[in-house]
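> any chance you could fold what I've pasted below:
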Amino acid sequence: MLKRFTAKLKSVQEYERESIPASKLKSTRSFLGMYAGEHTAGTEFVIGPLFVAHGASAVDLIWGLLLGNLLAVLSWAFLCAPIAVKERITLYYKLEKICGKGLTTVYNLVNALMFCFLAGSMIAVAATAVGIPFDIPMPQLTDWMPGSVSWVITVVAVGIVTTLIATLGYEQVSRFANIAAPWMILVFLAAALAVLPELGVNSIGDFWPVAETKIWTGIPMEGQSKFTFWHILFFAWFCNMAMHIGMADMSIFRYARSWKAGFTSAAGMYVGHYIAWLASGILYAVFLQQSQNSLEFAPGPVAYYAVGLTGAICVIIAGWTTANPTIYRAGLAVQAVIPKSQTWKVTIIVGLVTTTAACFPALVMKLLDFVALYGLILMPMGAIIFIDYHLFPRLKLTSERALATGQNINWAAAGTWGITLTACLLINQYFGVEIFFLGLPGWFIAVLLYIGFSYLLKPYASLQPKLS
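Residues are numbered from 1 along each chain as shown. Next up is the predicted model:
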């Protein structure tokens, strides 16, 4: 059995530094299942309740999610997918051609670490369900550190299973998501509908008054900031900024037959980031009513209360369907730094880091801020890829500058990344602009900086040796 599993791992080929062959391209159904599975997942059991905790009003939530998710779908379809299908290489190899191996190494390590933290939060979410029969103390909104040895043991067990699935490569990750996604969606809906009578909803006409007064009341919980329509719109758009505007999903869409596969992200945005966020918010409102506004924040017990064992199992699988592709992406990022290593070995190392991070509840409690920060940090590189691909040929500037000149570090890209993030920090500190809103001005700052620096450094390109 062990030899067979090892042979399977060695046979995994992810084409990290070459174009995807036509025989390996995936159908639209594959992407529909992956996006529905990944985005109807563990994060939804956290983000939906956090909207309730931050005092989002019902009107702001409905319209903010509708428009924000639309902008996210358009970003995948028109920014990320066309370049991915044309190039058919990973984000990391593309960046190496543009930015040079030195700068790309720094980016890949930062990216992998962010992926590890995101996947870690989802392993922690799954652990809240696994720990139910063992009566493990659950984390609270204010917790940062592990609360008990039993919590750590549970997290490690979940992390091992998640990592093993991710080592099998994209095909197995996609297959797992396709199987899990339809069932999870039904559980989300069934759980929300099952608990509505406890809030006083006994007919369709009862829903909106209850939604405004008992679920999304517009009043934040103690210690939480207030969310408006604009917070929700920009969060829905930018919570996956690293994937679409930041171009991380080039590594996924390189398997697509057409750039139109980018629209399959709508399966995740409107099933997961719309319906599932609303459903989990309803579940959390019932939990708060039953617990008299307890600070305990554990998706597993919340789902278990609503639909029993099925709800707990859904939380476990939901955590896996987010953590699996995220660990897979992190493995690709690290593998790009050490290209001679086998991807599955790197993925196991990444899984260990991820599982360690998952032991800390702060990853879950501060998830909204973390995903916003994550996207913001990686966004400038996405802007660089977009401009390099679409505008540089028209501006008579050198595309894939590092490849063309032999540079280990493209200083135009390095300056753009560093100064853009510094500018965003200054906007936040001196103008009070919250992190959720910084991605939009940051993207335009990065575009202008990269074009400007590339013009300034253009005379020095001829001094660099050409790569053979």
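> so, low pLDDT: which residues of this structure?
1-23, 42, 140-144, 147, 166, 168-182, 293-297, 336, 343, 459-468 (pLDDT under 70).
> give the next helix or strand downstream of the helix or strand hosting L193.
Secondary structure assignment for L193, by DSSP states H and E: helix 170-199. Downstream of helix 170-199, the next assigned helix or strand under DSSP H and E is helix 204-210.
> quick one: list the elements packing against that following helix.
Judged by 3 or more C-beta pairs under 8 Å, 6 or more residues apart in numbering; DSSP states H and E, helix 204-210 is in contact with helix 170-199. (Glycine included, C-beta is placed from N, CA and C.)
> the closest residue to I245 other than its chain neighbours sits in which helix or strand?
Distances taken as C-beta to C-beta, 6 or more residues apart in numbering put G382 closest to I245, at 4.9 Å, once the chain neighbours are dropped. Here G382, judged by DSSP H and E, is contained in helix 367-390.
> run the chain-centre distance for that helix.
12 Å (C-alpha atoms, centre = their mean, to the nearest Å).
> now do stretch 400-417: distance to the chain's middle.
Here stretch 400-417 is found 27 Å from its chain centre; the criterion is C-alpha atoms, centre = their mean.
> over to stretch 274-290?
Worked out by C-alpha atoms, centre = their mean, stretch 274-290 lies 21 Å from the chain centre.
> same question for stretch 59-69.
How far stretch 59-69 lies from its chain's middle: 19 Å, per C-alpha atoms, centre = their mean.
> ditto for stretch 440-459
In this view, stretch 440-459 has its centroid 26 Å away from the chain centroid, taken as C-alpha atoms, centre = their mean.
> how about residues contacting it?
234, 238, 245, 376, 379-380, 382-384, 386-388, 391-392, 395, 397-398, 401, 411-413, 415-417, 419-421, 423-424, 427, 433 (C-beta atoms under 8 Å, 6 or more residues apart in numbering).
> immediately after the helix or strand hosting Y92, which helix or strand?
Using DSSP H and E, Y92 sits within helix 91-99. Per DSSP H and E, the first helix or strand lying C-terminal to helix 91-99 is helix 101-130.
> now I219. Nearest residue, chain neighbours left out?
Excluding the flanking residues, the one nearest I219 by C-beta to C-beta, 6+ apart is G55, at 4.9 Å.
> any idea whether that neighbour is helix, strand or coil?
Under DSSP: H, G, I helix; E, B strand; the rest coil, G55 falls in the coil class.
> ok, how many other residues are close to it?
Applying other C-beta atoms under 10 Å, we find 18 residues neighbouring G55.
> and it, what are its phi and psi?
The phi/psi pair for G55 (degrees, to the nearest 10) reads phi 70, psi 40.
> contact partners for it?
T217, G218, I219, P220, M221, Q224, K226, F227.
> surely D60 touches T228?
Yes - between D60 and T228 there is a contact under C-beta atoms under 8 Å: 6.1 Å.
> ok, the two, which is more surrounded?
Ranked by neighbour count (other C-beta under 10 Å), D60 and T228 place D60 first, with 20 against 15.
> contacts only, for the nearest residue to W216 once chain neighbours are set aside.
Spatial nearest neighbour of W216, excluding adjacent residues (C-beta to C-beta, 6+ apart): A58 at 4.2 Å. For A58, the contact set (C-beta under 8 Å, 6+ apart) comprises W208, A211, E212, I215, W216, G218.
> would you mind checking which of those is nearest to M250?
Nearest to M250 among those, counting by C-beta to C-beta, is W216 at 35.7 Å.
> any idea how many residues pack against the closest one?
For W216, the neighbour count with other C-beta under 10 Å is 24.
> what's near enough to touch it?
For W216, the contact set (C-beta under 8 Å, 6+ apart) comprises F51, V52, A56, S57, A58, D60, L61, G281.
> now do the phi/psi pair for it.
phi -110, psi 80.
> I'd like the distance between it and F51.
Separation of W216 from F51 (C-beta to C-beta, to the nearest Å): 7 Å.
> need the overlap of contacts for the two.
Residues touching both W216 and F51 (C-beta under 8 Å, 6+ apart) are L61, G281.
> contacting residues for the residue nearest to G48 when sequence neighbours are not counted?
In space, and not counting its chain neighbours, G48 is closest to S280: 3.1 Å by C-beta to C-beta, 6+ apart. By C-beta under 8 Å, 6+ apart, the contact list for S280 reads E44, F45, V46, I47, G48, P49, F188, A192, P299, V302.
> before we move on, what SS does S280 have?
S280 is classified as helix under three-state DSSP.
> do the same with K226
Classified using three-state DSSP, K226 is coil.
> need phi/psi at Q224.
When read as degrees, to the nearest 10, the backbone of Q224 gives phi -110, psi 140.
> so what's it up against?
A53, H54, G55.
> which one of these is nearest to S265?
Distance to S265, by C-beta to C-beta, is smallest for H54 among the contacts of Q224, at 24.9 Å.
> just confirm the closest one contacts G223, I think it does.
No - when contacts are counted by C-beta under 8 Å, H54 is not listed as touching G223 (10.4 Å).
> neighbour count: the two, which is higher?
More crowded of H54 and G223, by other C-beta under 10 Å: H54, with 20 against 9.
> state the distance from that one to M221.
For H54, the distance to M221 - C-beta to C-beta - is 8 Å.
> what is the neighbour count of L363?
Neighbours of L363 under the rule other C-beta under 10 Å: 24.
> with K366 instead?
With other C-beta under 10 Å as criterion, K366 counts 15.
> if I look at the residue nearest to E212 when sequence neighbours are not counted, how far off is G64?
In space, and not counting its chain neighbours, E212 is closest to A58: 4.7 Å by C-beta to C-beta, 6+ apart. Look at A58 and G64: by C-beta to C-beta, they are 11 Å apart.
> pretty sure V353 contacts M114?
No - V353 sits out of contact with M114 when judged by C-beta under 8 Å, with a separation of 11.5 Å.
> residues of the host helix or strand of L425 that come out buried?
Counting by DSSP H and E, the element that carries L425 is helix 411-431. By 16 or more other C-beta atoms under 10 Å, the buried positions in helix 411-431 come out as W411, A412, A413, A414, G415, T416, W417, T420, L421, A423, C424, I427.
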